[in-house]
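>>> Let me see the structure of the following:
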Amino acid sequence: MKAFFELSDAARYFLFIVLIFVPVSGVAGYLRIRSGKPLRPKRQRYRVIIVVQFIVLLVTLWAARREGIVLLGREWGSPAIWLITAGYAGLIIWRGRRAWARMSADRMEKARRFLPDDPSLMRLWVGIAAMAAISEECAFRGLAYQLLVRMSFVPALAVLVCVVCFAIGHMTQGWRGVLGTFLLALIFHGLVFATQSLYLAIAFHAAFNLIVGSIAMPVLSRFAKAQEAK
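Got it, this is the predicted structure:
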């Protein structure tokens, strides 16, 4: 606890946002959905998400500068790890198309809450994909991890704290989403350790978001039209 108070005000404020506010907001959103309360229009929610991610990025950069921490790193990693990651992204595309082709109506209805179901939403989704990748990687895999280690957390525990908070922050997607996000976060941390920088993790995170949205949009668009026709 002493190490926490030795951090700058900016770093303590950052840790509060990332490790407390974000997961609490995820739980609150999950409870709101479970209660049946209506959500804001998707276009409005997408714009809010982009703004919030931008604010998180600004706070992250501010805290990192106050603590003298280099976020992105100075290495890019070997070409081999980039090629392996690109191959894995291709596998995600192949498996994702097959999975969405046989997804149940109930799961599609749940997916419509968050994913684009109209071509006009894709521009905003691209913005979300890019901003989420940059801000979340800088916040969770970058600054939060380094601050926890600086506070004498062993690396494994620091990773676990970051992964759990990141996963719970996505709890609006349900428990399956929490588990999937948990596993993805471990992959992102692995890429950071493998490359000693955030560049590949950011690129893969953005690509993953774009892949999911691009595969889901035409499927959900057809599903939405069918539901409206009924």
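>>> Strands of this protein, start to end?
Applying DSSP state E to the chain gives no strands.
>>> so where's it shaky on pLDDT?
Within the chain, the stretches with pLDDT under 70 are 1-2, 230.
>>> longest helix anywhere in it?
helix 199-229 (DSSP state H).
>>> What are the buried residues along it?
Residues of helix 199-229 classed as buried: 199-217, 219-221, 223 (neighbour count, 16 or more other Cβ atoms under 10 Å). C-beta coordinates here come from the backbone N, C-alpha and C atoms, glycine included.
>>> So what's the residue count around residue 46?
Counted by other Cβ atoms under 10 Å, the residues lying close to residue 46 total 19.
>>> For it, give me its contacts.
By Cβ atoms under 8 Å, 6 or more residues apart in numbering, the contact list for residue 46 reads 121, 124-125, 127-128.
>>> Buried ones among the residues you listed?
Of all these considered here, the ones buried according to neighbour count by 16+ other Cβ under 10 Å are 121, 124-125, 127-128.
>>> Now render those residues as a markdown table, adding distance to residue 98.
Listed next are the buried ones among the contacts of residue 46 as a markdown table, based on distance: Cβ to Cβ, whole Å:
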| residue | distance to residue 98 |
| --- | --- |
| 121 | 24 |
| 124 | 27 |
| 125 | 22 |
| 127 | 28 |
| 128 | 25 |
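>>> Cross those residues against helices and list the overlap.
Secondary structure defined by DSSP H assigns 124-125, 127-128 of the buried ones among the contacts of residue 46 to helices.
>>> from what I can see residue 136 touches residue 205, true?
Yes. Using Cβ atoms under 8 Å, residue 136 is in contact with residue 205, at 6.9 Å.
>>> what ranges do the helices span in this structure?
2-5, 9-16, 22-35, 42-67, 79-101, 105-111, 122-136, 145-150, 155-168, 174-195, 199-229.
>>> Can you lay out those as CSV showing distance to residue 73?
Putting the helices of the chain into CSV (distance: least, Cβ to Cβ, whole Å) gives the following:
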stretch, distance to residue 73
helix 2-5, 23
helix 9-16, 18
helix 22-35, 23
helix 42-67, 12
helix 79-101, 14
helix 105-111, 34
helix 122-136, 14
helix 145-150, 11
helix 155-168, 16
helix 174-195, 7
helix 199-229, 7
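>>> Not counting its own residues, what contacts stretch 116-135?
By Cβ under 8 Å, 6+ apart, the list of residues contacting stretch 116-135 from outside reads 42-43, 46-47, 49-50, 53-54, 56-57, 60, 115, 202-203, 205-206, 209-210, 213-214, 216-217, 220-221, 223-224.
>>> what's the answer for stretch 5-19, then?
Taking Cβ under 8 Å, 6+ apart as the criterion, the residues outside stretch 5-19 that touch it are 4, 56, 59-60, 62-63, 65-67, 139-140, 143-144, 147, 150-151, 161, 165.
>>> That's all I had, so thanks and see you.
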